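Asker: No letters, just coordinates:
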Ligand code: HEM
Ligand SMILES: [Cu+2]
């Protein structure tokens, strides 16, 4: 009896999680945000340039983060 | 075969000039000059904003371009030469080796070299006041195209070149210093000083140094490209066919200021964490010290320090929400920025939990640490607000942002520095700063800090823009709006003057204490970290985590003490 | 100020280092022969326990070099990200047509030769590094029987230095050739990057040449085999990194424009 109600609670919790994730997913915030000028600016930018910026952001952020992680992992070897 | 202690003394292992103590004081001296000049500049800005017609003695009225010069030099001095230099390099050198049970830094000569390079950078920067055209006017962020051409304003010629040179030197020096710090922490920890036993201050220094290594070289690359744009007519950051002050720029290609923003803020955001991480670590340790407790969730605090560093690399776009950034990129950066609030809140919770119901001992360093917590909360709350692109559309470039970063970075950083000064003064000088003057100093400073920077939220919400030389005499409804902020403006100015005067007890305290003969005891705060150990470093070993206090709050075990059969509960 | 109560037993730690000598990979003697120019780091007593041997000093310097290389890598990554953006960027002309001014810079073929030279120099640098760590010879040199390792390393490093100088000269020739074709820094966005990247790399290599010269001087002057090893090792790692970096940059310039 007690077991069952616990199971129920767990599954309810899981649904609550999924539900809130869904809500988060469709919230306005998870789409492109920014001022209309930025939007205009982006629309006036050819896709190739947008892709180039994306690539640059990934490259810069990715390398930075990778080196940071490498730096912290590196030190774990030292005692 | 074995060397007796006498010979090892005779061999005088370190020259005085490369000793980390000398280097540390050198860095602090650099910061002291910078903070002095920077403060005067900020007061001039405030006076000008409140009384635009006021004329500076021996100079005359402050012109708009001069106001922008003040803004630029103030920001550059404070952020680079005070908040980066003093906590990370200054106290890093003075305290770090002792705190990890080492006798020196890994590369003493490199260390000294980077200190002198930093000093040179400061000198070069200060010459900007005296070159033709005066100091640069494009702010500490030096956005192109205005920073890319001398046409943009009087200070953008030689003044801007001087700025570029100074910051380039500074970048190199900081990178070298950070390499030294990292190697010292990784390689020179004394016997028994395992990673989890490192004080959180050291973790702060470590993370900040790692960020410095990654961020400053990107800044250096950006500076080099800006230099090319200025002098070789390239167009990394200059759009094709750009008109500046009615003149068509003759640069080849279609660059974009957005590119500069990306590179600059890739550096800029880690930079603000470089400024604050050492203070965060120190706050944890000082709170625990005076609450006579363990730091709450010690391992988690190590993890959050590193996580803040890691996330700090990935959030730079939140400074560019209205700069023409792709809105989707904006959303991504908003998300990562708000993610950083998680480890930051975990830190705040740990600070609160550490002192919760502990009956802390309210010494001056403790007060400044509490002040740090307070400022970090007030300043931090506005962070996630600004991190929403929609809200930032309105708030960007208003005084709301100025309030945000002055509370969380400038004031919290300065409180961290004062906390460090009061806390480690007995260690550095063998004397205690007066508690009475210290408390006066603290209360004056926190009052002044809030009186100055809290109202900026309101004027910012009312629409007061950043970096405008004059708020009066603007025609139209905008002018009327600004007019309504004037009473608060004056309040802010008085607050700033008060804040500056509130530092007098500190200087008095320094002078009186240094002149007095009273010696402090060896470990006056009952501190547990290695720098307070009574032994010399080569006889030391670390035996436990920091902050080992007994329930009654009186007995404690330093990290250096071998396992004792005392009344303390075992670990 | 509360009373300061320390637990009763503050036992000074007994001096461990007296029994600590002669263990591990360290030589059986405290070889304090040096002193010129290395004054502060050849005193093993300066190191905390267990970290006094030459090995530790070597790994310290190595770690410093590696963190420095992090910074160098980020420097070039920043430039390369800008490269991608600028390569794609253009503007709309009067007819609302998107024009991209980027004209790929023809890479002088001498760069292939230079690349080969740089690879060779890296190989000879590695020979120098290896020879510094060949065990029997190092033992001999330790005892003072010979300076064979240092001599061999000097030879290899000199070769590296020559090849490195050849590379830099080759880069100079490449810039000259481009100038002869009227391709200058100013000519085009792609030439901005060509020059920026090659010059920035050359500057870094110049630092490497300086390090090579310093290492060669160190090999002659330093009285400690451990220090000599460090000079060579750190320089060579830096040199390798610059070589590797060049391979990437060259590939970018040759195929990525
Ligand atoms: C919860 C964490 C934080 C978030 C989400 C956050 C968010 C932001 C955002 C979105 C901006 C840009 C506002 C604008 O220009 O329109 C900003 C500016 C700024 N923040 Fe934060 N922040 C946080 C913590 C910090 C910390 C810890 C520091 C420093 C120690 C800091 C220092 C600054 C500075 C200096 C600026 C202004 C830079 C400038 O434009 O000159 N922030 N912050
Ligand atoms: Cu930021």
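Answerer: Nice, I can see it. What you see is a predicted model, and the numbers here were worked out from it, not measured in a lab. Ligands and ions are numbered 1, 2, ... in the order given.
Asker: Show me the shaky parts of the stretch 51-200 of chain C.
Answerer: C:51-54 (pLDDT under 70).
Asker: Show me what from it comes close to chain A.
Answerer: Counting by C-beta under 8 Å from any C-beta of the partner chain, the stretch 51-200 of chain C comes close to chain A at C:66-67, C:70, C:73-74, C:77-78, C:80-82, C:84-85, C:87-90, C:92, C:98. (Each C-beta comes from the backbone N, C-alpha and C, glycine too.)
Asker: Strands along the stretch 1-150 of chain C, start to end?
Answerer: Using DSSP state E, counting those that start in this stretch, the strands found in the stretch 1-150 of chain C span residues C:91-92, C:98-99.
Asker: coming back round to it: any of the residues of the stretch 51-200 of chain C next to chain A buried? List them.
Answerer: Buried members of those, scored by 16 or more other C-beta atoms under 10 Å in any protein chain shown, are C:66-67, C:70, C:73-74, C:77-78, C:80-82, C:84-85, C:87-90.
Asker: Can you list phi and psi of residue B:243 for me?
Answerer: Note on residue B:243: backbone dihedrals following degrees, to the nearest 10 are phi -100, psi 130.
Asker: If I look at the residue lying closest to it once chain neighbours are set aside, what pLDDT would I see?
Answerer: Among residues not flanking residue B:243 along the chain, residue B:249 sits closest, at 7.3 Å (C-beta to C-beta, 6 or more residues apart in numbering or on different chains). Listed pLDDT for residue B:249 reads 85.
Asker: Then residue C:8?
Answerer: For residue C:8, the model assigns a pLDDT of 33.
Asker: neighbours around residue C:130, how many?
Answerer: When neighbours are counted by other C-beta atoms under 10 Å in any protein chain shown, residue C:130 registers 15.
Asker: let me redo that: residue B:268
Answerer: Using other C-beta under 10 Å, residue B:268 has 18 other residues around it.
Asker: State the distance from it to chain A.
Answerer: Remark: distance between residue B:268 and chain A (C-beta to the nearest C-beta, to the nearest Å) = 13 Å.
Asker: Ok, residue C:139 next?
Answerer: Look at residue C:139 and chain A: by C-beta to the nearest C-beta, they are 27 Å apart.
Asker: show me the contacts for whatever residue of the stretch 1-150 of chain C ends up closest to ligand 1.
Answerer: Nearest residue of the stretch 1-150 of chain C to ligand 1: residue C:78, at 19.5 Å (C-beta to the nearest ligand atom). For residue C:78, the contacting residues are A:60, B:217-218, B:221-222, B:263, B:266, by C-beta atoms under 8 Å, 6 or more residues apart in numbering or on different chains.
Asker: Then residue B:323?
Answerer: Residue B:323 makes contact with A:38, B:257-258, B:261, according to C-beta under 8 Å, 6+ apart.
Asker: Return the residues of chain A in contact with chain C.
Answerer: Selection of chain A residues close to chain C by C-beta under 8 Å from any C-beta yields A:44, A:46, A:48-49, A:51-53, A:55-57, A:59-60, A:63-64, A:67, A:71, A:74.
Asker: Out of those residues, which are close to chain B?
Answerer: When contact is defined as C-beta under 8 Å from any C-beta, the residues of chain A next to chain C meet chain B at A:53, A:56-57, A:60, A:64, A:67, A:71, A:74.
Asker: Could you identify the buried members of those?
Answerer: Among these, the ones that count as buried by 16+ other C-beta under 10 Å are A:53, A:56-57, A:60, A:64, A:67, A:71, A:74.
Asker: Would you tell me which helix is longest in chain A?
Answerer: Longest helix in chain A by number of residues (criterion: DSSP state H): helix A:47-76.
Asker: Thanks again, I'm all set now.
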